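Asker: Sequence plus the predicted model coming up.
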Amino acid sequence: MKKLIITTFCTWILSALLYAALTDESFVTLTQSVDVNQNVLERYLTTQVMSPNFGGDVYASYQILGTSTTRQEVYVWVLLQEYYPNHQQLERGTGISAPIVLHIDHSSGVSRIVNHTLPRDGSYYPSDLHTLFPLHISIGLMSHPTGLTNRLQRQLESELPLPVSNTY
């Protein structure tokens, strides 16, 4: 029994060290967070990530997937959708649903989003997920979580000032 406990402990320690070496993360930083004001986050997403192409307004719904205090990054799945008025309802314009890395600067004492990185499309997508996101997040993103996207869209459209047209 003592050998089993020692073997298990050593395996856990080696796994933690290997994980930290491969991902530049540690199990300690996974539980810490990078503080970003939600209003600042939403304003950045709606003004800096995607531009409206139909003259409408961009709205955001998102889920924070994790943070890295080591890299000063926030990992987010974002749904951005442009809506423009058409009679008494809103029409969908340009949209994006994707994981994004937000790069944070704390040098002034206040958290500020300085830029962002999106994974590239096509055959670059899997390697970019591995490069941009910590391992525990990139594994979950490989299957492109449609359930999350659908939930974010329902949440977003429930908060709009007018009903949304169901025609595409």
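Answerer: Okay, I see it. Just so it is clear, the model here is predicted, and its values are computed rather than measured.

Asker: C-alpha only now, for contacts and for neighbours.
Answerer: Will do.

Asker: Could you tell me how many residues sit around Asp35?
Answerer: A total of 15 residues lie near Asp35 under the criterion other Cα atoms under 10 Å.

Asker: do His144 as well
Answerer: Neighbour count for His144, taken as other Cα under 10 Å: 12.

Asker: so it, which of the three states?
Answerer: coil (DSSP: H, G, I helix; E, B strand; the rest coil).

Asker: Relative to Gln48, how far out is it?
Answerer: Counting by Cα to Cα, to the nearest Å, the gap from His144 to Gln48 is 23 Å.

Asker: How about Ser138?
Answerer: 23 Å.

Asker: Those two: which is more packed in?
Answerer: Set Ser138 next to Gln48 and count neighbours by other Cα under 10 Å: Ser138 wins out with 19 against 11.

Asker: Point out where the protein drops to low pLDDT.
Answerer: Per-residue confidence for the chain (pLDDT under 70) gives these ranges: 9-10, 12-33, 167-168.

Asker: Let me see the ranges of the strands in it.
Answerer: Assigned by DSSP state E, the strands in the chain fall at 57-68, 73-86, 89-105, 112-117.

Asker: Pull the residues that contact the third one.
Answerer: Applying Cα atoms under 8 Å, 6 or more residues apart in numbering, the set of residues contacting strand 89-105 from outside is 50, 52-54, 56, 72-85, 111-119, 132-133, 141, 149, 162-165, 168.

Asker: List the buried residues for that strand?
Answerer: Buried positions in strand 89-105, judged by neighbour count with 16 or more other Cα atoms under 10 Å: 90-95, 97-104.

Asker: With distance to Arg43 as added columns, please give those in CSV.
Answerer: Output for those, formatted as CSV (distance: Cα to Cα, whole Å):
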residue, distance to Arg43
Leu90, 21
Glu91, 21
Arg92, 19
Gly93, 19
Thr94, 17
Gly95, 16
Ser97, 17
Ala98, 17
Pro99, 17
Ile100, 15
Val101, 15
Leu102, 13
His103, 15
Ile104, 14
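
Asker: Trp77 touches Leu45, doesn't it?
Answerer: No - look at Trp77 against Leu45 with Cα atoms under 8 Å: they stay out of range, at 11.0 Å.
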